[in-house]
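Please work out how this folds:
(2 chains)
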There are 2 protein chains.
Amino acid sequence: MAACGAAPDGVTQDAASPEWVPIPAENLLLIDTEKGPVTVELNPAFAPEHAARMRALSASGTMDGQRFYRVIESFVAQGGLKDEAAIEDWATLENENDRPYGGERFVPLGNEDLFAPEVGHIDGFPVGRNADLEQEWLLHCPGAMAMARDTDPDSGSTEFYIVLDAQRYLDRNLTIFGRVIDGMEHVQALKRGERAIENGVIQPPEKGDLIERFRVASDLPEDERPAWEKMDTRSDAFEAFKTSLRVRDNEFFYRKPPEVLDICSFTAPVRPAGSD
Amino acid sequence: MAACGAAPDGVTQDAASPEWVPIPAENLLLIDTEKGPVTVELNPAFAPEHAARMRALSASGTMDGQRFYRVIESFVAQGGLKDEAAIEDWATLENENDRPYGGERFVPLGNEDLFAPEVGHIDGFPVGRNADLEQEWLLHCPGAMAMARDTDPDSGSTEFYIVLDAQRYLDRNLTIFGRVIDGMEHVQALKRGERAIENGVIQPPEKGDLIERFRVASDLPEDERPAWEKMDTRSDAFEAFKTSLRVRDNEFFYRKPPEVLDICSFTAPVRPAGSD
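Model (predicted):
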């Protein structure tokens, strides 16, 4: 029963901007690259150990001065420690490739998908689900940040990648733990390697673009922390946003496009806090 | 009946590399940008007047020194003359947004699509088709090159855009006349504008990256022309290529991805001539 202005899910509906929710500083990963700053929202709800690893890497300063050493056009930008001995200082992580149905925060996209039985959003992240498996997982859409690994699904530890064009065939095989919410143009500007040479590792790897600083916002002094908020993907505002993409009713479209969305063709809105 | 080494479609099967076909020099558009060279294959079979316009722009030298002045992350990179008076020197073009069923060179992708009743390839280009409309059209996949326009579908003339992430809702509403076959990483590195400011036009537009030279290869001295060839999308080699993307049977994939392809998730292979 909804009472006292509280909706059944406990979120009050009478706040000034109920559709915008702050992103906690400990979930904001700031990667300063040689090409410009990149902001990532970590997702500890889907990948708690991987989010914790990013925070540990931030606190240690280990990533500062490392590089994006394997960047393949249209595929992914991979960075990290590169050096085997340095990587081995960090324990491998059990994969968090999917999780049991979370349920109530899932908002369906509203149309079919080529790869998953059902797709939609949970808290701003694109998600796939399979009712038979009773599992849900984050999707390899552009801007997804995930952990690279060897053949063993539990062999990832420090080497991460950011998805350039969507790579949905990787879904459920690797652990996505974040999404780029700002600065994707700087990821797209990173120096590329050649896929046919050393599997895309830049030659020599030292020519790859620098990771100048790799820091979770909560590790910064309070007055230096950026603040971001994201649209609540359970809100009417988000439904209206999707409709604006799905239904193109201005006269530019003399032929009406099919009223369908690809889950990877848009990102759930974010904005700097206080920009309302 | 196949006889004398000729297949029913008239293509002989006993050549050295029957699956690779040269791209004519008059279809190779070379755009030297401030961020690096970009090579485009023009498609006069789908968009003859638009391909002819690109050749006229090449011959005139008008594009040299112009800029990519409207570049929106994840959307498109638009370039051209920008100045209204300069644009008006060139007649507007009737749109070539689609064409009647061409038929026999179409090779189906082999699975469903979210946006079109049928998708596949014609001569290396991704294509959508609709049997009821008896029409086929080129797709707004990454790397597609198309003509910008005003509200009137026949108002395009000189201002072009290159698709960054797929924009399928634009299909059949604007004329695609080419595809980037090399240098997409340089398109991705182009300086961006802010979508919310002047509809993405870089402020001031003179800060956009230069088009240093815009030239069709056939306008260059013969010994300066690059030579490219493309995989025949009707060949067994292309079927094998698609299967290699669709069926991931190496042990890295401990969970088999669905055996499906998004038409915009890959490009039909090209290579420098003679690289066999």
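
need the next SSE after the longest helix belonging to chain A, C-terminal direction.
Across chain A, the longest stretch assigned as helix under DSSP state H is helix A:48-60. Toward the C-terminus, helix A:48-60 is succeeded by strand A:66-71 as the next helix or strand (DSSP states H and E).

From the contact counts, what lies against the next helix or strand after that following strand?
Once the chain leaves strand A:66-71, the next helix or strand it forms, by DSSP H and E, is strand A:76-80. Strand A:76-80 sits against strand A:66-71, strand A:160-163, with contacts defined as 3 or more CB pairs under 8 Å, 6 or more residues apart in numbering or on different chains; DSSP states H and E. For the C-beta atoms, the positions are set from N, CA and C on the backbone; glycine is no exception.

what's strand A:76-80 in contact with?
A:63, A:66-71, A:87, A:148, A:158-164, A:167, A:187, A:190, A:200, A:208, A:211 (CB atoms under 8 Å, 6 or more residues apart in numbering or on different chains).

change it to 6 Å
Counting contacts by CB atoms under 6 Å, 6 or more residues apart in numbering or on different chains, the residues outside strand A:76-80 that touch it are A:68, A:70-71, A:148, A:158-164, A:187, A:190, A:211.

again with stretch A:244-257
A:E259, A:L261, A:F266, B:T151, B:P153, B:Y169, B:R172, B:N173.

which two from those residues end up farthest apart in space?
A:F266 and B:P153 (24.7 Å; CB to CB).

got any ranges where the stretch 151-276 of chain A has weak pLDDT?
By pLDDT under 70, the low-scoring segments of the stretch 151-276 of chain A are A:276.

In terms of helices and strands, where is A:L30?
In this structure, A:L30 sits in strand A:28-33 according to DSSP H and E.

A:V38 belongs to a strand, doesn't it?
Yes. Note on A:V38: a strand contains this position according to DSSP: H, G, I helix; E, B strand; the rest coil.

Excluding chain neighbours, what is closest to it?
A:G183 (3.8 Å; CB to CB, 6 or more residues apart in numbering or on different chains).

just checking, the one you found touches A:K35?
No. Taking CB atoms under 6 Å as the definition, A:G183 is not a contact partner of A:K35, at 8.9 Å.

More neighbours: which of the two?
Shown here are A:G183 and A:K35; by other CB atoms under 10 Å in any protein chain shown, A:G183 has more neighbours (21 against 18).

roughly how far apart are that one and B:A196?
Applying CB to CB, to the nearest Å, the value for A:G183 to B:A196 is 16 Å.

Repeat that for A:D150.
For A:D150, the distance to B:A196 - CB to CB - is 43 Å.

Looking at the two, which one has more neighbours?
More neighbours surround A:D150 than the other of A:D150 and B:A196, with 11 against 7 (other CB under 10 Å).

Tell me the secondary structure of the more buried one, please.
coil.

List the buried residues for stretch A:66-86?
Using 16 or more other CB atoms under 10 Å in any protein chain shown as the test for burial, stretch A:66-86 gives A:66-82.

Kindly report the residues of chain A close to chain B.
Applying CB under 6 Å from any CB of the partner chain, one finds that chain A approaches chain B through A:73, A:114-115, A:142, A:151, A:153, A:165, A:169, A:172-173, A:184-185, A:188-189, A:192, A:251-255, A:257-258, A:260, A:262.

let's go with 8 Å and repeat that
For chain A, the residues in contact with chain B (CB under 8 Å from any CB of the partner chain) are A:73-74, A:97, A:111-116, A:142, A:151, A:153, A:164-173, A:184-185, A:188-189, A:192, A:245, A:248, A:251-255, A:257-258, A:260, A:262, A:265, A:267.

List the beta-bridge partners for the spatially most central residue of chain A.
In chain A, the centroid-proximal residue (CA atoms, centre = their mean) is A:R179; its distance is 1.4 Å. Beta-bridge pairing of A:R179, defined through DSSP bridges, involves A:E41, A:A144.

residues touching it, list them.
Here A:R179 is in contact with A:V40, A:E41, A:N43, A:G124, A:F125, A:C141, A:G143, A:A144, A:M145, A:T267 (criterion: CB under 8 Å, 6+ apart).

What distance do you get for it to A:E118?
To A:E118, A:R179 is 19 Å away according to CB to CB.

Is A:G128 in a helix, a strand, or coil?
At A:G128 the chain is in strand, as set by three-state DSSP.

what do you get for A:L210?
Per three-state DSSP, the secondary structure class of A:L210 is strand.

Look up phi and psi at the closest residue to it other than its chain neighbours.
Once flanking residues are discounted, A:L210 sits nearest to A:E34: 4.3 Å by CB to CB, 6+ apart. Torsion angles at A:E34 (phi, psi; degrees, to the nearest 10) stand at phi -60, psi -20.

got it, and A:F46?
phi -90, psi -30.

Provide a list of residues in contact with it.
In this structure, A:F46 makes contact with A:E96, A:R99, A:I122, A:F125, A:W137, A:L138, A:I176, A:F177, judged by CB under 8 Å, 6+ apart.

the helices in chain A, which residues?
With DSSP H, the ranges of helices along chain A come out as A:48-60, A:84-87, A:184-188, A:236-246.

among these, which is nearest B:R234?
Closest to B:R234 of these, according to CB to CB: helix A:184-188, at 33.3 Å.

ok, A:L139 - contacts?
A:L139 sits next to A:A116, A:V119, A:F125, A:P126, A:V127, A:G128, A:A166, A:R168, A:D171, A:I176, A:I263, A:C264 when contact means CB under 8 Å, 6+ apart.

Just give me the neighbour total for the closest residue to it other than its chain neighbours.
The spatially closest residue to A:L139, leaving aside those adjacent along the chain, is A:P126, at 4.3 Å (CB to CB, 6+ apart). When counting by other CB under 10 Å, one arrives at 27 neighbours for A:P126.

Same check on A:R213?
Neighbour count of A:R213, defined by other CB under 10 Å: 16.

Could you verify my assumption that it touches A:L30?
Yes. Contact status for A:R213 versus A:L30: in contact at 7.2 Å, counting by CB atoms under 8 Å.

Could you identify which of the helices of chain A is most buried?
Neighbour counts averaged per stretch over the helices of chain A are highest for helix A:184-188, at a mean of 23; criterion: mean count of other CB atoms under 10 Å in any protein chain shown.

Using PDB, write out every CA atom in that helix.
The C-alpha coordinates for helix A:184-188 follow below in PDB (Å, rounded to 0.1, in the frame of the first residue of the first chain):
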ATOM      1  CA  MET A 184      33.500   8.200 -24.600                       C
ATOM      2  CA  GLU A 185      34.900  10.400 -27.400                       C
ATOM      3  CA  HIS A 186      38.300  10.200 -25.600                       C
ATOM      4  CA  VAL A 187      38.100   6.400 -25.600                       C
ATOM      5  CA  GLN A 188      37.300   6.500 -29.300                       C
END
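
which helices and strands does it pack with?
strand A:36-42.

Just the buried residues from the residues of chain A next to chain B, in ChimeraX please.
ChimeraX command restricting the residues of chain A next to chain B to the buried ones, with burial defined by 16+ other CB under 10 Å:
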select /A:73,74,97,113,114,115,116,142,153,164,165,166,167,168,169,170,171,172,173,184,185,188,189,192,253,257,260,262,265,267
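
that older thread, overlap of the contact sets of A:R213 and A:L30?
Counting by CB under 8 Å, 6+ apart, nothing touches both A:R213 and A:L30.
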